[in-house]
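Undergrad: Build me a model:
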Amino acid sequence: MPTEDYDDFLLEELRDTETAAEYLSASIESGSMDEFLVALRNVANAHRGIGVLSEITTLNRQSMYKMLSAEGNPTLGSLLTVLKAIGLTLTVKPVEQEIA
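TA: Residues are numbered from 1 along each chain as shown. Below is the predicted model:
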């Protein structure tokens with residue numbers, strides 16, 4: 001029985017905005033900006049692809065590839081623009097404190 005390629009499976013799952021939001025939130029909770037940017041690139045590829053998103057957002061395609069890499073360093077404005085183009089937004093909430 002053939003197995004489905006993981007990348008194809010991941011991209012298919014990330015087309016759902018709820019799943020994409022949970023995936024990005026989990027990457028943020030890891031505390032690694034590198035992981036978040038790679039996760040956002042996966043979500044961007046699943047939704048429309050970097051080329052199409054660069055046209056929608058008017059961000060340079062090469063800059064988007066660089067921005068959405070482990071070495072990326074996006075501005076908040078660019079990050080919000082990409083999130084909006086894929087139907088997501090950034091939310092800030094208080095850190096849940098553990099009760100001793």
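Undergrad: Thought Tyr23 was touching Leu88, still the case?
TA: No. Assessed by CB atoms under 8 Å, Leu88 is found out of contact with Tyr23, at 10.5 Å. To be clear about C-beta, it is placed using only N, CA and C from the backbone, and glycine gets the same treatment.
Undergrad: which stretches of this protein have low pLDDT?
TA: Where the chain drops to pLDDT under 70, the residues are 1-4, 98, 100.
Undergrad: Recalculate using a threshold of 50.
TA: 1 (pLDDT under 50).
Undergrad: can you give me the helices for it?
TA: Remark: helices of the chain, listed N- to C-terminal, are 6-13, 17-29, 33-47, 50-57, 61-67, 76-85; assignment by DSSP state H.
Undergrad: show me the contacts for the residue nearest to the spatial centre of the chain.
TA: To find the centre residue of the chain, average its C-alpha atoms and take the closest one (CA atoms, centre = their mean): that gives Leu40, at 1.5 Å. Residues in contact with Leu40, defined by CB atoms under 8 Å, 6 or more residues apart in numbering, are Leu24, Ser27, Leu68, Leu79, Val82, Leu83.
Undergrad: To what extent is the last one buried, counted in neighbours?
TA: Here the neighbour count serves as a burial measure; for Leu83 (other CB atoms under 10 Å) it reads 19.
Undergrad: likewise the one 5 residues further on?
TA: Using other CB under 10 Å, Leu88 has 17 other residues around it.
Undergrad: Could you do the one 4 residues further on as well?
TA: Look at Val92: counted by other CB under 10 Å, it has 4 neighbours.
Undergrad: Quick check: it vs Leu11, distance?
TA: Using CB to CB, to the nearest Å, Val92 is found at 28 Å from Leu11.
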